[in-house]
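Asker: take a look and give me a structure for this.
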Amino acid sequence: MNRIAAFLYGILSYFVFFATFLYAIFFVGGLAVPKTIDNGAASPTASALIIDLALMSVFAVQHSVMARRQFKEWWTKFVPRAVERSTYVLFASLALVLLFWQWRKLPAVVWQITDPRAAMAATVISLAGWLIVLTSTFLINHFELFGLQQVAHNLAGRSASAPRFRTPLFYQFVRHPIYLGFIIAFWAAPLMTTGHLLFAAVTTAYIIIGILLEERDLVELFGDDYRRYKARVAMLIPWRKAAAETEKEAVLS
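Answerer: Sure thing, here's the model as predicted:
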């Protein structure tokens, strides 16, 4: 019964994530949902800034802390290892739901593309960014990334297989295509308001910090395989020389 409960919990967590992911596409794009990034509740500018930054901080702290190996080792003393990833996915989704619910609009226009064809092109590029995100998760292991594989193995009484280092398709051009897809999706906006700009800028900064934290874990997990990959493939910009990037990081460290 515990295995069945864990499996159902994993399924529920996945569906909460997927619904949240779909809503995020429309929330950021300002498309066909009751609450978008540009039509939230009105507040004085200072209050809106504080609330929006606090909401993004909640997500960033949850997302970063719960992803660290040290936290997982402590957390799995209380939460079964089979549902650790599903719990992480559920909490991240709930943090986003909170952001969608409480987001305050900052409607001042930074830029607006008035040509209909150019505006449509920007929207298509943004949607392509979301497609890159989703496709990239399947290129590695979508179901492991979002906890379904773990609960399925637990239900069948099988042990989880050891992580394998793979670099399929997009991962041959950039080390973090998922994050690149998010950046494209957030910045390719036909209408960029102050609120949207704040969201895009803060999330991009968080992505850079998150990559630095994540790559420490990846080097620890995969060792020289990841070090060689890091030296060969650029972090986010496909045409940037990875060797120069690595050298710069070494100087800064």
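Asker: how much space between A156 and R81?
Answerer: 15 Å (CB to CB, to the nearest Å). C-beta here means a position set from N, CA and C on the backbone, and glycine is covered the same way.
Asker: higher neighbour count, the two?
Answerer: Taking neighbours as other CB atoms under 10 Å, A156 and R81 compare with R81 leading, 14 against 9.
Asker: contacts only, for the nearest residue to V16 once chain neighbours are set aside.
Answerer: Distances taken as CB to CB, 6 or more residues apart in numbering place S93 nearest to V16, at 4.8 Å, with adjacent residues excluded. Counting by CB atoms under 8 Å, 6 or more residues apart in numbering, S93 touches S13, V16, F17, T20.
Asker: and the third one, what element?
Answerer: Which is F17. Assigned by DSSP states H and E, F17 belongs to helix 2-29.
Asker: quick one: the helix or strand that that helix is followed by to chain centroid distance?
Answerer: For helix 2-29, the following helix or strand on the C-terminal side (DSSP H and E) is helix 45-65. What separates the centre of helix 45-65 from the centre of its chain is 15 Å, taken as CA atoms, centre = their mean, to the nearest Å.
Asker: can you count the residues close to Y171?
Answerer: Counted with other CB under 10 Å, the neighbours of Y171 add up to 17.
Asker: who touches it in this structure?
Answerer: So Y171 contacts S136, L139, I140, P177, V233 (CB under 8 Å, 6+ apart).
Asker: then I11?
Answerer: L148, V151.
Asker: how much space between the residue nearest to V16 and F17?
Answerer: S93 is 5 Å from F17, where distance means CB to CB.
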